[in-house]
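Participant: generate coordinates for the sequence data below:
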Amino acid sequence: MRKLVFSAAMISLAFGLAGCDDAKNKDTVNAPTANQNAAPKEGGSLIIGITSGDPLAVNPIYASDRTTLTIMQALYAPLYSYNDGKIEWGLAESLTPSADNLSYTLKLKPNLKWQDGQPLTADDVVFTFNKLLDEKQHSFFRSMFMFGGKPVAVSKVDDLTVKFTLPQVSAAFVGTLVQIYPIPQHVFANEADLEKSSKNDAPVGSGPFKFKEYRAGQYYALTRFDDYWNGKAKLDSVTYRFAKDSNSANLALQNGEINLKMVDPQDVSRLKNTGKFDFVTYPEGRLAYMTFNQNVPVMQSKALRQAIAYAINKDDLVTTAFTSQDYAKPATSFLTPDTLYHSDDVDQYKFDLQKAKDLLKESGAPADLKLRLAYVNTNKTQESMSLYIQQQLKALGINVELMPLDANAMSQRSLDMKNTAWELNLGGYIMGAEPDGYKSLFMSNEAYNYAHYKNPQFDALWDKGAIETDAAKRGEIYKQIQQTVATDMTYYPIAYTNATVAVDKRFGGTAEAEPKPVYMFQDLSKIYQK
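Facilitator: Model (predicted):
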C-alpha cells in the first residue's frame, strides 16, 4: 500500500499553511543520534538489502509496493514532507491557502533541475496532476483529488507558481498533496500509458541519486546527482541489492556485502551480537492486518468473518509473530495511532472460542470448510502469523491451507479486482496522518480494496469525511467509519508495528537522513561512509 504521509496535525495545517517549515526496544536498539566523533566525508558506496522483490513501475504516480517506494525516494523528490508534525519543504518553498480555503498557491524553489539537466518548473507539476487525474492513466491517486465527484483544477500561474482550485472545501487536501512527487513533462509528454511506459525503465527524477543500471533479480544501481536541490550527496552511489529471502540477506549483511537493511525482530539479537551494526528503530505508523476476500462467496458471511476474529488470541499472535510486544502492539482499529481521529473505542474481538463456534454455526458454513491464507514467503513475521492462525482456526474446525507467495506475485494478484485465489491474506500498510488517504483501501470500486467490500453508505461516509471542516464533526465521521470496519470485519487489524534497520557501523548520518516509514530514510544524501 501507498504510505507517504507521515506525521502532522493536518487540520491546523490545512487552514494556516504558508512558507514554514520512539519507540524504544528495551535491550537492542536506541533511537538514532547524530554522529559526533567523525565529520561527514565524501565518497563511498552504500549497498541496501531488499527482500520484498523487484520494483514494479518506478513512477511516483503508480508506486505502491515497498521496493518501488524505497527506490523512488532516492530517485525523486516530494513537494514537501512532514517531520515531527512540521513541514519540511522539498521542491516547494510555500503553500498558501486562499481566504475561503477553496484554492491553494504552491511556490516552487528557484533553479530546480531534473537529473538530465532540464529545468523543473510549474509545467511539470501541472502535467503530473493532469496525468494522475486522467482516468485513462489509472493512477490510484485520482480518487484522493476528487471532491464531491469533481477533480481539483490545477493551473500554472508562472514558471514557479501553481494554483490548485478545489470544487469544495476539503480538510484533507494538504495532507494528501504531501504524497505527490512530480514527474518530468519533457520525458512523458508523448507516452500513451505512463504506467507501462519504457521511460520508467530508466527514470529521470529530481532526488539525490540518479538511475545507473537495473538487473532484474540482482540489483538497482544509482549514482549521485550533483544538482540535487538539498545539496550534493555525501556518497558516490547507492545500490539496492535484491535477496531471495531474509536469511540470505542477513548472511550478506554479516559478510559486508550489504551495508543497510530492514530486519525482522527475530534477527535483531543475533545481528547485535556480531558487534558490526548500529540499529535504528522507529514507529512505522504501520498496520499488519488480515483481509477477508469477499470475492469468494463464503467470505461474504459477516458471521463467518466475526467467528474467525473471535477464534484468534491477538495478544498471543502478536507476541508469537514479533517475538515481543517491544516490536509491535496489538491493533484495535484499521487507523494507526498516528492518524487523526484514531479510536480504540470500537468493537473488539477478545478471544472467545465458544462465541466463535456459535457464529460459525450461524454462518451456515460447511462442516469441512477449508480456507486459503496467502502471505509473502520472505516475510518471517507473516510466516509466523500464518502458522499461528492456521493452528487457531483448526480449533474452530476450519482447515487453513497456507499459500506462501513471492512478493510481486502477491501484489499482482491482489490488484486483480476479480481475485479469488484465496479467502484470507496477510498484509500491511502505512497510510499516514490524514485519514482520507485510507479510503483507497476501502471504497467499493478502488483497486486497493483487497477485501472487495462494497457498501454505498460506507462510501458516502468517506466522501463526507473528506470535506467536513469542523474537527469535532469530522472526528465523529471517522469514528463511524472505524466502527463500520470493526462491525463488518472487513479487515482484521493485527498489530501496530515498529521498524528496525541494521546499519553497518562504517556508515553515519542516519539521524540527519531522518528515519521514515516505508523508505527507511527520508534523504539518503545525508548518509556517509566514515
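
Participant: please enumerate the helices of the stretch 151-300 of the chain.
Facilitator: Assigned by DSSP state H, counting those that start in this stretch, the stretch 151-300 of the chain shows helices spanning 173-177, 185-188, 246-254, 268-272.

Participant: how many other residues sit next to Q391?
Facilitator: Per other Cβ atoms under 10 Å, the neighbour tally for Q391 reads 12. Bear in mind the C-beta positions are built from the backbone N, C-alpha and C, glycine included.

Participant: roughly how far does it sit from S384?
Facilitator: Per Cβ to Cβ, to the nearest Å, Q391 is found 11 Å from S384.

Participant: nearest to T336, out of the helices of the stretch 151-300 of the chain?
Facilitator: Among the helices of the stretch 151-300 of the chain, helix 173-177 comes nearest to T336, with 14.1 Å by Cβ to Cβ.

Participant: list the buried residues in the helix or strand harbouring F127.
Facilitator: Using DSSP states H and E, F127 falls within helix 122-133. Within helix 122-133, the residues that count as buried by 16 or more other Cβ atoms under 10 Å are 122-129, 131-133.

Participant: same deal with stretch 455-466?
Facilitator: Under the neighbour-count criterion of 16+ other Cβ under 10 Å, stretch 455-466 has 458-459, 461-463, 465-466 buried.

Participant: again, but for stretch 334-347
Facilitator: For stretch 334-347, a neighbour-count test (16+ other Cβ under 10 Å) marks 334-336, 338-343, 346-347 as buried.

Participant: and if you look at stretch 519-530?
Facilitator: 519-529.

Participant: ok, stretch 231-250 next?
Facilitator: For stretch 231-250, the neighbour count (16+ other Cβ under 10 Å) marks 233-235, 237-243, 246, 249-250 as buried.

Participant: now do stretch 409-419
Facilitator: Neighbour-count burial for stretch 409-419 flags 410-411, 413-414, 419 (criterion: 16+ other Cβ under 10 Å).

Participant: in strands, which of those appear?
Facilitator: With strands defined by DSSP state E, no entry of the buried residues of stretch 409-419 lies inside them.

Participant: from those, which is closest to K150?
Facilitator: Distance ranking of the buried residues of stretch 409-419 against K150, using Cβ to Cβ, places S414 first at 29.4 Å.

Participant: pretty sure that closest one contacts A421?
Facilitator: No - here S414 does not reach A421: they are 9.1 Å apart, not a contact under Cβ atoms under 8 Å.

Participant: my guess is G43 contacts D236, does it?
Facilitator: Yes - with contacts counted by Cβ under 8 Å, G43 reaches D236, the gap being 5.5 Å.

Participant: which residues in the stretch 301-450 of the chain form helices?
Facilitator: Counting by DSSP H, counting those that start in this stretch, the helices of the stretch 301-450 of the chain are 302-310, 314-322, 353-363, 380-396, 407-414.

Participant: next one: stretch 413-426 to chain centre, how far?
Facilitator: How far stretch 413-426 lies from its chain's middle: 19 Å, per Cα atoms, centre = their mean, to the nearest Å.

Participant: what's that stretch in contact with?
Facilitator: With contact meaning Cβ atoms under 8 Å, 6 or more residues apart in numbering, stretch 413-426 is reached by 288-293, 295-296, 298-299, 308, 371-376, 379, 382, 385-386, 389, 400, 403, 405, 410, 427, 447-448, 450, 452, 494.

Participant: separation between Q306 and I477?
Facilitator: Q306 sits 24 Å away from I477, going by Cβ to Cβ.

Participant: so for the two, which residue has more residues nearby?
Facilitator: Taking other Cβ under 10 Å, Q306 and I477 do not tie; Q306 has more neighbours (23 against 20).

Participant: what's near enough to touch that one?
Facilitator: Neighbouring residues of Q306 by Cβ under 8 Å, 6+ apart: 349, 359, 489.

Participant: shaky segments in the stretch 1-150 of the chain?
Facilitator: 1-39, 84-85 (pLDDT under 70).

Participant: which residue ranges of it form strands?
Facilitator: 45-50, 80-83, 86-89, 92-97, 103-108, 146-147, 150-151 (DSSP state E, counting those that start in this stretch).

Participant: how about the ones you listed, which one is nearest A57?
Facilitator: For those, proximity to A57 was assessed by Cβ to Cβ; strand 45-50 is nearest, at 16.4 Å.

Participant: and the angle from the closest one to helix 246-254?
Facilitator: Per axes from the mean of the first three to the mean of the last three Cα atoms, to 10 degrees, the angle that strand 45-50 makes with helix 246-254 is 160 degrees.

Participant: just the buried residues of strand 45-50, please?
Facilitator: Neighbour counts over strand 45-50 (16+ other Cβ under 10 Å) mark 46-50 as buried.

Participant: ok, stretch 204-222 next?
Facilitator: For stretch 204-222, using 16+ other Cβ under 10 Å, the buried residues are 204-211, 214, 219-222.

Participant: for these, give me JSON lines that also has distance to I258 and pLDDT.
Facilitator: JSON lines is the format used below for these (distance: Cβ to Cβ, whole Å; pLDDT from 0 to 100):
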{"residue": "V204", "distance to I258": "27", "pLDDT": "98"}
{"residue": "G205", "distance to I258": "24", "pLDDT": "98"}
{"residue": "S206", "distance to I258": "27", "pLDDT": "97"}
{"residue": "G207", "distance to I258": "21", "pLDDT": "97"}
{"residue": "P208", "distance to I258": "20", "pLDDT": "97"}
{"residue": "F209", "distance to I258": "17", "pLDDT": "98"}
{"residue": "K210", "distance to I258": "22", "pLDDT": "98"}
{"residue": "F211", "distance to I258": "20", "pLDDT": "98"}
{"residue": "Y214", "distance to I258": "18", "pLDDT": "97"}
{"residue": "Y219", "distance to I258": "11", "pLDDT": "96"}
{"residue": "Y220", "distance to I258": "14", "pLDDT": "97"}
{"residue": "A221", "distance to I258": "14", "pLDDT": "97"}
{"residue": "L222", "distance to I258": "15", "pLDDT": "98"}
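
Participant: can you pick out the most distant pair from the residues you listed?
Facilitator: S206 and Y219 (22.4 Å).

Participant: which other helices and strands does the top strand by length along the chain contact?
Facilitator: Using DSSP E, we find that the single longest strand of the chain is strand 277-292. Judged by 3 or more Cβ pairs under 8 Å, 6 or more residues apart in numbering; DSSP states H and E, the packing partners of strand 277-292 are helix 268-272, helix 380-396, strand 424-430, strand 491-504, strand 515-516.
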